[in-house]
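Trainee: fold the following for me, if possible:
(2 chains)
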Protein chains: 2
Amino acid sequence: MGVFEKKSCYVIAGASRGLGRSMAINFAKKARRESVMILLSRDMKALKEVETEIKSSCQDVKVVVSGFDQGDLDEKKFNNIFENIFKENNLSIDNFEQAVIVHNAGTLGDNSKYVKDLVNVSELNTHFGVNVTGNILLNSACLKFFTQEKFAHRYVINISSLTAIKAFKSFSLYCTVKAARDMFYKVMTEEEPTIRVLSYAPGPCETDMQIKCRENTSDPEVKQMFECKY
Amino acid sequence: MGVFEKKSCYVIAGASRGLGRSMAINFAKKARRESVMILLSRDMKALKEVETEIKSSCQDVKVVVSGFDQGDLDEKKFNNIFENIFKENNLSIDNFEQAVIVHNAGTLGDNSKYVKDLVNVSELNTHFGVNVTGNILLNSACLKFFTQEKFAHRYVINISSLTAIKAFKSFSLYCTVKAARDMFYKVMTEEEPTIRVLSYAPGPCETDMQIKCRENTSDPEVKQMFECKY
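Mentor: Prediction:
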């Protein structure tokens, strides 16, 4: 039985734009009836548009949107996030066969800066907060809520990148968090044998982030590389 | 001409214990006369003992110790750190042939915890602060001060670990920061062709950190692996 044939709860963090939005819409199209899509993002306006788009074509799937800022490192906002979403939306946790968590929320960091230019504490704290710490906290909240007892099949998908394994000039902030996350999920793979963990690098996608990659970089060589892809 | 034959300024972060202490003592023994060792650590008492030990056997080398907490993310403490150390110790920046920076300060993180147990914001902030953010800030301060104009030869050594590339259960915090730092220095290697950058994993050393590795781990399999090494 394929992944999309089970009655599932999908969680997609960073679902309002780019790859996350695309995954939300396409997963919903493929999802079995009575599945639930939980879409998280800071941008509720854009998220509600994704919800509308899904609802217009996939009546059999329930869509829930929730304002969530992965960089807002307040323990209370991570603890019980899914308990609260289920309660507020009158969702029952029973009778799911599967949970699919997609860790897609993330930021590029300022790629106009080289390593030597990284002197701003608050910029660094924000970057590592949203991309690493916040992601770890969201992941812990997922593991606590989506237990094997309730969800026999569990997938955790970390949206990775070529930058997790290949260094690019002016991309130290992005490369560093992507490498950190790949390793974090490698450790989880060892620790949680009942969870299928996937770090997936989709390759270049024409998203808002990709535009920033080529337009903001200080490095002419890297800029040219990004421009040649199109 | 070998690395130790040049009149050098050595900076060793985390020089009071373990590998950093050992590098400080052994680099001083090999260093050319009139070289300067700048030793940084939170623990001034232990650092002064290292200073005494070096001074007792290496009279030709100047040793400077400075209290420095890589986890104290106050921009003012990173900005001008080396300008201040040189001024306070009446060191002249002229006539050095080489700078050797060793990024050795770091912490293990709580290896009694599995990925699923990582729910404490302040613990995560402290861990990524001292090991990643603080290290990036110290490195920027180094690049600003140890310019190629003043130091024709520059080496930056990132103390790495097998955990940067291999996942171990209960070591997610350590693995994640070591992978992050390896990638950060890979980007720097691309950006700064005039600096020799080395990420060096020394293998298991019988240090205080190594004792914690085997004694605190929650994972019996990993515990046994560490115990078998001795």
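
Trainee: got the CA positions of stretch A:191-210 in PDB?
Mentor: Taking C-alpha atoms only, stretch A:191-210 is exported to PDB below (Å, rounded to 0.1, in the frame of the first residue of the first chain):
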ATOM      1  CA  GLU A 191      17.200   6.600  17.700                       C
ATOM      2  CA  GLU A 192      13.800   6.000  16.300                       C
ATOM      3  CA  PRO A 193      13.800   2.900  14.100                       C
ATOM      4  CA  THR A 194       9.900   2.900  13.800                       C
ATOM      5  CA  ILE A 195      10.000   6.300  12.100                       C
ATOM      6  CA  ARG A 196      10.900   6.600   8.400                       C
ATOM      7  CA  VAL A 197      13.100   9.600   8.300                       C
ATOM      8  CA  LEU A 198      14.000  11.300   5.000                       C
ATOM      9  CA  SER A 199      16.200  14.300   4.300                       C
ATOM     10  CA  TYR A 200      15.100  15.300   0.900                       C
ATOM     11  CA  ALA A 201      17.000  17.900  -1.300                       C
ATOM     12  CA  PRO A 202      14.600  18.800  -4.100                       C
ATOM     13  CA  GLY A 203      17.100  20.500  -6.300                       C
ATOM     14  CA  PRO A 204      16.700  24.100  -7.500                       C
ATOM     15  CA  CYS A 205      13.000  25.100  -7.500                       C
ATOM     16  CA  GLU A 206      11.900  28.500  -8.800                       C
ATOM     17  CA  THR A 207      10.600  29.800  -5.400                       C
ATOM     18  CA  ASP A 208      10.900  33.200  -3.700                       C
ATOM     19  CA  MET A 209      13.900  31.800  -1.800                       C
ATOM     20  CA  GLN A 210      15.600  30.800  -5.000                       C
END
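
Trainee: could you confirm whether that stretch reaches chain B?
Mentor: Yes - among the residues of stretch A:191-210, A:191, A:192 lie within reach of chain B under CB under 8 Å from any CB of the partner chain. All C-beta atoms are positioned from the backbone trio N, CA, C, and that covers glycine.

Trainee: residues of that stretch that come out buried?
Mentor: Within stretch A:191-210, the residues that count as buried by 16 or more other CB atoms under 10 Å in any protein chain shown are A:191, A:192, A:195, A:197, A:199, A:207, A:209, A:210.

Trainee: residues contacting the last one?
Mentor: Think residue A:210. Going by CB atoms under 8 Å, 6 or more residues apart in numbering or on different chains, residue A:210 touches A:204, A:226.

Trainee: how about the secondary structure of it?
Mentor: helix (DSSP: H, G, I helix; E, B strand; the rest coil).

Trainee: how close does it sit to residue A:226?
Mentor: The gap separating residue A:210 from residue A:226 is 8 Å, by CB to CB, to the nearest Å.

Trainee: tell me, what's touching those two both at once?
Mentor: Residues touching both residue A:210 and residue A:226 by CB under 8 Å, 6+ apart: residue A:204.

Trainee: distance from the helix or strand containing residue A:54 to the middle of the chain?
Mentor: Here residue A:54 is covered by helix A:44-57, with elements defined by DSSP states H and E. Averaging C-alpha positions (CA atoms, centre = their mean, to the nearest Å) puts helix A:44-57 17 Å from its chain's average.
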